[in-house]
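Student: return a 3D structure for these sequence lines:
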Amino acid sequence: MVARQRQNFSKAVRIQALERAAGRCEGDLPSGDRCTCAIPIGGRIFDHVIPDANGGRPTLDNCQVLCLPCDRAKYSADRRAIDKARRQAERHAGTKAPSRPMPGSSFCRTSRGFGITRDRATGAVLSRRGSIDVRDL
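Tutor: Predicted coordinates:
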């Protein structure tokens, strides 16, 4: 999967989005209403409605002006969606790293119990707690 360059909004799109917002935040509250806070100069974020990482384009339709608290709330939801899409793409492409089995599980190659470690396939004792192997001397 090739990483593509992030696409930011052009100056013209940002100016048009500010005019459309009329100095107010365009974020949606959990109740479904629009955020009513006035955005101070320097306290605004130009945000992709559809995240750039998920194919959102830098157009006026995909741009919204958010206050900092609304941006933080939206970013956490966007980050989860972006990470999920990346994991699904890796799984589909077959590039996901294989997971290692937990020690002691039935998928682990060795078995541990009562201070003895055994190879599951052959049953050979690999180590004992408190014993010395004379072959190592």
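Student: distance of S76 from C25?
Tutor: As judged by Cβ to Cβ, to the nearest Å, S76 and C25 stand 17 Å apart. In this view, the C-beta of every residue, glycine as well, is placed from N, C-alpha and C.
Student: of these two, who's got more company?
Tutor: Neighbours of S76 and C25, each counted by other Cβ atoms under 10 Å, are more numerous for C25; the result is 24 against 8.
Student: list the residues that contact that one.
Tutor: Residues touching C25, when contacts are defined by Cβ atoms under 8 Å, 6 or more residues apart in numbering, comprise 34-39, 65-67, 70.
Student: in helices, which of these fall?
Tutor: Within the contacts of C25, residues falling in helices by DSSP state H are C70.
Student: now, of the contacts of C25, which are buried?
Tutor: 35, 39, 65-67, 70 (16 or more other Cβ atoms under 10 Å).
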